[in-house]
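Colleague: let me see the structure of the following:
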Amino acid sequence: MSDLDLEWKLPVSPDAVFPAFEQPSLIRRWFGAPPGCHRTHAPDPGALGEPYRVVLRDAVGRSFAQVGCIMEADPPRFLALEMDWEGGPVPAGRTRAELTFEPTEDGGTRLLLRQGPFADDAARDAHRAYWEACLGRLARVVAGEAVPCFEEFWEESRGFVGPLGAAAYAVLAGLREAGAPPEAVSQVEDILYTHLSRLPEDTAAVLGSVLQSRVEGAAD
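Modeller: Sure thing, here's the model as predicted:
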């Protein structure tokens, strides 16, 4: 058995950080997706002790989920949650994660995370990579950056789902991350989703299957 200890520096005070753990519009921009994966759906955070479920897709489009519940909350100083995984790249096994938020002299926050127990070092290291990806996004969110969010692209696409929807998202998110002008991103977005929504369902299914097989073949 082993535990994970992780420290992360955030650029704003604990009072400014904690809303990103409470407000759905902020939570969905940073929480839940391991490296190379993305979220497709998560409910609003439930009451203390109520279960939550985050639905995700891995790098080749396979669905999996994170499940858990918030066990303790003392804003803006402390948060504890229990979590587990159903499928996906992170090893399963229910663990408890405790997050402590300490103010720093420069007006920022030192986030201390302790999680465990893990069955082995491999599971601990996979969770380290998971949290480093999440907390990297969190730092950008609390700093005010507009981090791309799959769920918002999903809504903007008028519900176009499947591998083609995921591919459209990847193109748009890549453009935004690369710093393309907003008007260029908007133009590409309009072209993609306008024409994708016109595809007959059977054609979209065939094209999606071809894309999926190509992605899975590249992953192998």
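Colleague: now for the single longest strand found in the chain, which elements pack on it?
Modeller: When the chain is parsed with DSSP state E, its longest strand is strand 63-74. Strand 63-74 makes packing contacts with strand 51-57, strand 78-86 when contacts are defined by 3 or more Cβ pairs under 8 Å, 6 or more residues apart in numbering; DSSP states H and E. Every C-beta, even on glycine, is put in place using the N, C-alpha and C of the backbone.
Colleague: and the pLDDT for residue 123?
Modeller: The model reports residue 123 with a pLDDT of 96.
Colleague: what do you get for residue 173?
Modeller: For residue 173, the model assigns a pLDDT of 78.
Colleague: give me the distance between the residue positioned nearest the centre of the chain and residue 55.
Modeller: The centroid of the chain falls nearest to residue 33 when counting by Cα atoms, centre = their mean (3.2 Å). For residue 33, the distance to residue 55 equals 11 Å [Cβ to Cβ, to the nearest Å].
Colleague: which residues do those two both contact?
Modeller: Common contacts of residue 33 and residue 55, defined by Cβ atoms under 8 Å, 6 or more residues apart in numbering, comprise residue 39.
Colleague: domains in the protein, by residue range?
Modeller: 2-142, 150-219 (automatic domain parsing).
Colleague: just name the most buried of the ones you listed.
Modeller: Most buried of these, by mean neighbour count (mean count of other Cβ atoms under 10 Å): domain 2-142, with a mean of 17.
Colleague: chain center to it: distance?
Modeller: 9 Å (Cα atoms, centre = their mean, to the nearest Å).
Colleague: show the contacting residues for residue 212.
Modeller: So residue 212 contacts 60-61, 163 (Cβ under 8 Å, 6+ apart).
Colleague: restricted to strands, list those.
Modeller: Residues of the contacts of residue 212 located in strands (DSSP E): none.
Colleague: any chance of those in TSV, plus distance to residue 24 and pLDDT?
Modeller: Shown next, in TSV, are those (distance: Cβ to Cβ, whole Å; pLDDT from 0 to 100):
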residue	distance to residue 24	pLDDT
60	28	78
61	25	75
163	26	79
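Colleague: so which of the residues you listed would you say is closest to residue 5?
Modeller: residue 60 (31.9 Å; Cβ to Cβ).
Colleague: what about the closest one, distance to residue 203?
Modeller: Separation of residue 60 from residue 203 (Cβ to Cβ) stands at 22 Å.
Colleague: mean pLDDT lowest for which of the domains of the chain?
Modeller: When those are ranked by mean pLDDT, domain 150-219 comes last with a mean of 77.
Colleague: which residues are contacting the longest helix along the chain?
Modeller: Determined from DSSP state H, the single longest helix within the chain is helix 121-142. Helix 121-142 is contacted by residues 2-4, 6, 8-12, 16-17, 20, 26, 29-35, 89-91, 93, 95, 111, 113, 115-116, 118, 147 when judged by Cβ under 8 Å, 6+ apart.
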